[in-house]
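Peer 1: Dropping a prediction and its sequence here:
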Amino acid sequence: MSQSSLVSDWVNKFTDPFAVLGVSVTADDRRVQKRYRSVAMRLHPDRFVDADEVTKDITGKLLARLVNPAYEKIQQEKGRKEHLALLRLKVRRLTREGPLSPKSQIARELMQCPVSDVDVFYEQAIAKLADSQFEPYDQFNDTTEQLLELNLVYLQLKMGDLGVQEKRTGLVAGSEAKPIQFAPAPANPEVMTESYDQRHYRRAQEYAKKRAWSQVVQELRDAIKIKADKSEYHSLLGIAYLNLEKPLPGMAKVHLKRALELNPSDAYAQKIGPKLGLVVPASTHQNNGKQPSHGTKATSQSIKRGGLFGLFGKK
């Protein structure tokens, strides 16, 4: 294949904007923007002033014809939902034709991954591949193929989980999904007392009691996308990150810090924060005379027997 037709071939071949940009299908606005800036810097013409003309041409077209359009497609939540729906349809079509048979070793490893480790393995695999996706540019084809396979396998695994992920994200195309989220409102709306973020939080508590920490992480990430100002969501997420098969203390620290910012009296953040180097304000056990929030009471009750440090045992 001639160098002039190489980029055109990539444009036709790689229609998954998540794979082209090198981000996971769970990425939010901030992660997508951060990745785009990193890639744009790597492919900026100023870096190739002394390069040969072929390299200048290919890297320039790679940025203009693949990376920039991919970013435009998924920089906002609406675009990500639309393209995730298309990927899910592709997964369904492929699985109707037979079981997925990825060529890359890393995608095959994801297929064999225990359910509790799928999310962490997937995120780490994406990050590892993304590091070398554009340097040098001739790795783009092979690396992006692996990223695409990872995305398809991951979505198939999540869709096989009794449809939990599809209902949770609301990203399934209407023609393929059961109209669960479109059910008519009840005649007496007062009985609907649990919001969507509370549902995710309740499920996270149930998973925490079972020590299914990957599921806890996923549920709480979804809850925080809906309502980000609940300290109990962040503190339990911090605990979950510490209890993963491969703990992520950095992520735990971020969310425990946020929990303290939202509520300096958050019991779990107060207990665990100092162990991660956080400066914890003096505990205000009386909470200024107010009753603890519903979420905090629910969390306390859900792990009542083990206490706070009862959470820190692996399955």
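Peer 2: Good, I have the coordinates.

Peer 1: Just name the shakiest helix or strand of the chain by mean pLDDT.
Peer 2: helix 164-169 (a mean of 37; mean pLDDT, DSSP states H and E).

Peer 1: and the helix or strand that it is followed by, what does it pack onto?
Peer 2: Once the chain leaves helix 164-169, the next helix or strand it forms, by DSSP states H and E, is helix 196-209. Other elements packing on helix 196-209 under the criterion 3 or more CB pairs under 8 Å, 6 or more residues apart in numbering; DSSP states H and E are helix 213-226, helix 231-243, helix 294-302. C-beta here means a position set from N, CA and C on the backbone, and glycine is covered the same way.

Peer 1: Distance to Leu89, mean neighbour count and mean pLDDT for those - can I get that in TSV?
Peer 2: What follows is those, written out as TSV (distance: least, CB to CB, whole Å; neighbours: other CB atoms under 10 Å; pLDDT from 0 to 100):
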stretch	distance to Leu89	mean neighbour count	mean pLDDT
helix 213-226	22	23	88
helix 231-243	31	27	93
helix 294-302	36	16	43
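
Peer 1: Including distance to Leu86, could the ones you listed go into a markdown table?
Peer 2: Formatted as a markdown table, those follow (distance: least, CB to CB, whole Å):
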| stretch | distance to Leu86 |
| --- | --- |
| helix 213-226 | 21 |
| helix 231-243 | 29 |
| helix 294-302 | 35 |
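
Peer 1: of all those helices, which lies closest to Gln76?
Peer 2: Proximity to Gln76, assessed across the helices and strands packed on helix 196-209 by CB to CB, is greatest for helix 213-226 (13.5 Å).

Peer 1: Contacts for that closest one, please.
Peer 2: 26, 28, 115-120, 165, 168-169, 195-198, 200-201, 203-204, 207-208, 230, 233-234, 236-237, 240-241, 243-245, 315 (CB atoms under 8 Å, 6 or more residues apart in numbering).

Peer 1: Would you mind measuring the gap between the ends of stretch 96-112?
Peer 2: Taking CA to CA, to the nearest Å, the first and last residues of stretch 96-112 lie 20 Å apart.

Peer 1: quick check, distance from that stretch to the centre of its chain.
Peer 2: Chain-centre distance of stretch 96-112: 20 Å, with CA atoms, centre = their mean, to the nearest Å.

Peer 1: Can you name the residues that contact Ala130?
Peer 2: Ala130 neighbours (CB under 8 Å, 6+ apart): 22-23, 35, 147.

Peer 1: after the helix or strand it falls within comes which helix or strand?
Peer 2: According to DSSP H and E, Ala130 maps onto helix 118-131. For helix 118-131, the succeeding helix or strand toward the C-terminus, using DSSP H and E, is helix 140-159.

Peer 1: got the CA coordinates for that following helix in CSV?
Peer 2: Output of helix 140-159 as CSV, limited to C-alpha atoms (Å, rounded to 0.1, in the frame of the first residue of the first chain):
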residue,chain,number,x,y,z
PHE,A,140,-1.1,3.4,15.0
ASN,A,141,-2.7,0.6,12.8
ASP,A,142,-1.8,-2.4,15.0
THR,A,143,-2.4,-0.6,18.3
THR,A,144,-5.8,0.8,17.2
GLU,A,145,-6.9,-2.6,16.1
GLN,A,146,-6.2,-3.9,19.6
LEU,A,147,-8.0,-1.0,21.2
LEU,A,148,-11.0,-1.7,18.9
GLU,A,149,-11.1,-5.3,19.9
LEU,A,150,-10.8,-4.4,23.6
ASN,A,151,-13.8,-2.1,23.3
LEU,A,152,-15.9,-4.8,21.5
VAL,A,153,-15.0,-7.5,24.0
TYR,A,154,-15.6,-5.2,27.0
LEU,A,155,-19.1,-4.2,25.7
GLN,A,156,-20.0,-7.8,25.0
LEU,A,157,-19.0,-8.8,28.6
LYS,A,158,-21.0,-5.9,30.1
MET,A,159,-24.0,-6.5,28.0
